[in-house]
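Peer 1: Test case, fold it:
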Amino acid sequence: GGTLSLKDGGTLLSTTGTLAVRQSALVLDNTGSKDVANRVSDTQAIALDGGSISLLGRSAANTTETLGSVSLVGGLNTLTAMAGGPTSGEVVKSATLTLSSLTRGFGAVLNVNDGSGSNASAGQLGNTGRVVVTAALPTNFTPINGVVPGAYMSSQADRFDLVGYTPGLGFAALGTAGVTPYFQPGGNNFLGADATSNVRFQSGGGTVTSGGQTINSLHTSPEGGGGAVTFANAADKLTVNSGMVILGGGQNIGSVDVRGALTSGAGQQELFFVQRSGTSTQSNINAVITDNGSPVTLVVTNPGASTTNPILTAHNSYTGGTIVNGGGLDLVSTIPGDVPIPAGGLTLNGGSVRMFNNAGQIDASNVITLNGPSSLTYVGNSAVAGIVFNSNGGTTAPTVSPAGILTLANTGNITSTPSNVAVTPIISGGT
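Peer 2: Numbering: from 1, shown residues only. Sure thing, here's the model as predicted:
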C-alpha cells in the first residue's frame, strides 16, 4: 500500500527483477525542482496489481518517461500521463509515458487518462498527455470495432469514456479526433444500432429490438444525461460484442417485470461493468446475465464509494465466475432462492460484495478469493466451498462477515497467504 513518489532528483534506476506495484502507486513527479527524463530504467518491467503509475509533467516542458514491459496482473489499475499545469504565455506542455509493451491478465481493468478532467485531449497531438505502447497490443487488449476491451478513461468522477487506441499517439476517449465515434441518436438510442455500434445514451435510454439485438459497446450514463435499458420481451437478449458497459447512477438494465438477458459477444469471455463514480444513485442490473455459447465471466469495476455499487437482482446463469475490482457490488435478489452470483468462483481484488434481504445469493459451490483489502458481507445462513485470503497489498485487512451460520463444505478449506505483514485477515461475526 501507499505511494512511492520520485521527485526533484529522485530516481529508481538500479532495481533488479520485476517491480511489483500492488494496491499502491508509483508517481514520477516532474513538478518540483527538476524535469528528469529517466526516473525509472527504460527496460524496467513493472507488474501492476490494483496499482497505478502517474507521470506528472512540468509546466512549459515536453516531459517524457520510458518504461519496460508493464503487465496488468489483476484488479483496477491506472496509467496517467498529465501535462504540466498552465503558466501564462507558455508555448508547450506535454507528457508522454511510453511502455515497451502492455499486457492484461484475465479480469484486470485499466483506467488510462491524461489527468485533465475532460478526457478530450488524451492521446491527441499538442499540449496534452499520452500513454503510448511501442509493441502491438495483445489480443485481449486489441480494439473491437474501435473499443479496447477492459479499459476506460476517467480523470474525474463525472467523466467516464470508453477507450480507443491509435499507434504512436496512444489511448484516447471514443469520440475524440481520430478515434471511433459514439452512436448516440437520442430518444431510443438503440434504434438503428448494429453489431459495430458503440451506443452512448446522450438523452433518454434505449429499448432492445424485439427478438434481441447486438451492439458493440454501451455507455448508459454520460454526465448530465443517460437513461435505462429496457426490453420489450423477457426473452429478448442484448449482446455486447466488446463486453464493455459503462453504468451510471440509476440507469437500470431491464426491470423486475421484464428482465431480458445480457451477454458479451462470441469469442469475448469477459463482460465488463464499469460504474461511473460521480453519482450517489445505484443502478440495478435486473437482466439475466448469460453465457454466449462459451463461459462468460462477469467483471465489475467500481472506483467510487459503496453508495454507487451496482446491484445484481436476477437469478443469473453465466458460468465463467465473477470478479470485483475495487469499489463494490451489491446483491439484492427480488425472489428468495434466486442466486445473482452463480457457480464459477468469486474473486475480489480490493473490492467488496454485500448481500441484502435474502440469504444464499452466492452459489455454495464457489471458492471465494479475497485479494488485498477486500470484504464480503453475508445475510443469514450461507455456505461456501472455500475461502482464500491473499493479503498482498493495501493497509486494510481482508474481511469476511457472516450474519448467521457460514457452512464450509466438507472438502473445503480456509487458507491465508500473509505476504503483507501490515494486516491480518478477519472472519468477523456469525458462527
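
Peer 1: any weak-confidence spans in this protein?
Peer 2: Across the chain, residues meeting the criterion (pLDDT under 70) sit at 86-90, 222-225, 430-431.

Peer 1: Can you tell me the centre-most residue of it?
Peer 2: With distances taken as CA atoms, centre = their mean, residue 301 lies nearest the centre of the chain, 3.7 Å away.

Peer 1: residues touching that one, list them.
Peer 2: Listed by CB atoms under 8 Å, 6 or more residues apart in numbering, the contact partners of residue 301 are 76, 109, 152, 272-275, 324-327. Quick note: C-beta positions are derived from backbone N, CA and C, even for glycine.

Peer 1: And for residue 220?
Peer 2: Contact analysis of residue 220 by CB under 8 Å, 6+ apart lists 201, 205, 226-229, 245-248, 251, 253, 283.

Peer 1: if you set the cut-off to 7 Å instead, what comes out?
Peer 2: 201, 226-227, 229, 246-248, 251 (CB atoms under 7 Å, 6 or more residues apart in numbering).

Peer 1: and the residues you listed, which two are the farthest apart?
Peer 2: 227 and 246 (13.2 Å; CB to CB).

Peer 1: Of these two, give the one with the bigger neighbour count.
Peer 2: Between residue 227 and residue 246, counted using other CB atoms under 10 Å, the more crowded position is residue 246 (25 against 20).

Peer 1: quick one: the more buried one and residue 13, what's the gap?
Peer 2: 39 Å (CB to CB, to the nearest Å).

Peer 1: Please apply the same query to residue 98.
Peer 2: Counting by CB to CB - residue 98 and residue 13 are separated by 17 Å.

Peer 1: I figured residue 66 hits residue 101, correct?
Peer 2: No. Contact between residue 66 and residue 101 fails when scored by CB atoms under 7 Å: they sit 11.9 Å apart.

Peer 1: if you skip the residues just before and after it, what's nearest to residue 172?
Peer 2: residue 123 (3.0 Å; CB to CB, 6 or more residues apart in numbering).

Peer 1: what does residue 282 give?
Peer 2: Nearest residue to residue 282 in three dimensions, chain neighbours excluded: residue 311, at 5.4 Å (CB to CB, 6+ apart).

Peer 1: one step back: wait, which of the contacts of residue 220 is closest to residue 144?
Peer 2: Using CB to CB, the contacts of residue 220 come closest to residue 144 at residue 246, 15.2 Å.

Peer 1: before we move on, back to that, over to the residue nearest to residue 172. Which of the three states is it?
Peer 2: coil (DSSP: H, G, I helix; E, B strand; the rest coil).

Peer 1: rewinding a little: which members of the contacts of residue 301 are positioned in strands?
Peer 2: Members of the contacts of residue 301 lying in strands (criterion: DSSP state E): 76, 109, 152, 272-275, 324-325.

Peer 1: neighbour-wise, which of residue 98 and residue 13 wins?
Peer 2: More neighbours surround residue 98 than the other of residue 98 and residue 13, with 17 against 10 (other CB under 10 Å).
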